[in-house]
Each structure stands twice: as structure tokens, then as C-alpha cells.
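Visitor: Sequence first, predicted coordinates after that:
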Amino acid sequence: MINGHTKILKLIAEQDGYKYLGLTINNGLSRFSIHFKKLVNNSHRLSMEILHIARRSFHKTLIANTMWETMAIPALTYGMEVLACH
């Protein structure tokens with residue numbers, strides 16, 4: 001009891017990984033394996049979205065290229081500086 005207040009101590013459970021600034025970092029030899037799996041899933045989802053929207057447009061190539069450059073490339077390259085240093 002400190003100053004009339006009771007403090008309850010809780011144990012912090014050990015985790016397999018954590019998320020920091022959008023990057024999933026896990027314990028073990030391959031620290032970014034979970035993050036790479038999420039990137040693969042995200043790239044597949046983005047490519048399907050771009051394909052779906054570009055199919056319905058008049059300028060298919062222009063729309064697909066613009067969407068790839070503005071949506072997919074930034075999403076897939078986020079955090080690559082950290083991954084390259086690993």
C-alpha cells in the first residue's frame with residue numbers, strides 16, 4: 001500500500017511479435033516473415049481491386065497504371081528501408 005492506494009501488479013505475457021509503425025516484427029530467425037505474408041496478401045487484394053476498376057473504365061491502361069502508381073507501390077514499399085537493413 002502506497003499513500004493509501006493499493007497497487008496490483010500484473011504479469012506481462014510474452015508475445016511472439018509486435019507491430020511498430022505498421023511493420024509486424026516477430027521473434028525468431030525471420031523477424032519479418034509475418035509482415036511478408038501480409039504484403040503478399042495485400043498485393044493480391046490491391047491487384048484485384050485495380051483490375052476490377054480498370055476493366056470498367058474507358059482508358060484501361062491509363063487507369064490501371066495510375067492506380068498502381070498511387071495505391072499499390074506506396075502500400076507495398078512502406079517500410080522497405082527497415083527491411084533492407086535487416
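Guide: That came in fine, so what should we check first?
Visitor: just the helices in the protein please.
Guide: Secondary structure of the chain (DSSP state H): helices at 33-55, 60-67, 73-77, 80-85.
Visitor: Tabulate these (a markdown table), appending mean pLDDT and mean neighbour count.
Guide: C-beta: built from backbone N, CA, C; applies to glycine. As requested, the helices of the chain are exported to a markdown table (pLDDT from 0 to 100; neighbours: other C-beta atoms under 10 Å):
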| stretch | mean pLDDT | mean neighbour count |
| --- | --- | --- |
| helix 33-55 | 90 | 14 |
| helix 60-67 | 93 | 14 |
| helix 73-77 | 88 | 12 |
| helix 80-85 | 72 | 10 |
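Visitor: okay, those helices in JSON lines with distance to N26 next?
Guide: Formatted as JSON lines, the helices of the chain follow (distance: least, C-beta to C-beta, whole Å):
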{"stretch": "helix 33-55", "distance to N26": "5"}
{"stretch": "helix 60-67", "distance to N26": "31"}
{"stretch": "helix 73-77", "distance to N26": "19"}
{"stretch": "helix 80-85", "distance to N26": "13"}
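Visitor: Figure out which of the ones you listed is closest to D16.
Guide: Shortest distance between D16 and the helices of the chain, using C-beta to C-beta, is found for helix 33-55: 8.6 Å.
Visitor: Return the closest one as PDB; C-alpha atoms alone will do.
Guide: The C-alpha trace of helix 33-55 is given here as PDB (Å, rounded to 0.1, in the frame of the first residue of the first chain):
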ATOM      1  CA  SER A  33       8.000 -13.300 -42.000                       C
ATOM      2  CA  ILE A  34       4.500 -12.300 -40.800                       C
ATOM      3  CA  HIS A  35       5.000  -8.900 -42.400                       C
ATOM      4  CA  PHE A  36       6.000 -10.500 -45.800                       C
ATOM      5  CA  LYS A  37       2.900 -12.700 -45.700                       C
ATOM      6  CA  LYS A  38       0.700  -9.700 -45.100                       C
ATOM      7  CA  LEU A  39       2.400  -7.900 -48.000                       C
ATOM      8  CA  VAL A  40       1.700 -10.800 -50.300                       C
ATOM      9  CA  ASN A  41      -2.000 -10.900 -49.300                       C
ATOM     10  CA  ASN A  42      -2.200  -7.100 -49.600                       C
ATOM     11  CA  SER A  43      -0.600  -7.100 -53.100                       C
ATOM     12  CA  HIS A  44      -3.100  -9.700 -54.300                       C
ATOM     13  CA  ARG A  45      -6.000  -7.700 -52.900                       C
ATOM     14  CA  LEU A  46      -4.700  -4.500 -54.500                       C
ATOM     15  CA  SER A  47      -4.200  -6.100 -57.900                       C
ATOM     16  CA  MET A  48      -7.700  -7.500 -57.900                       C
ATOM     17  CA  GLU A  49      -9.200  -4.100 -56.900                       C
ATOM     18  CA  ILE A  50      -7.200  -2.300 -59.600                       C
ATOM     19  CA  LEU A  51      -8.200  -4.900 -62.200                       C
ATOM     20  CA  HIS A  52     -11.800  -4.600 -61.200                       C
ATOM     21  CA  ILE A  53     -11.900  -0.800 -61.500                       C
ATOM     22  CA  ALA A  54      -9.700  -0.700 -64.700                       C
ATOM     23  CA  ARG A  55     -11.900  -3.200 -66.500                       C
END
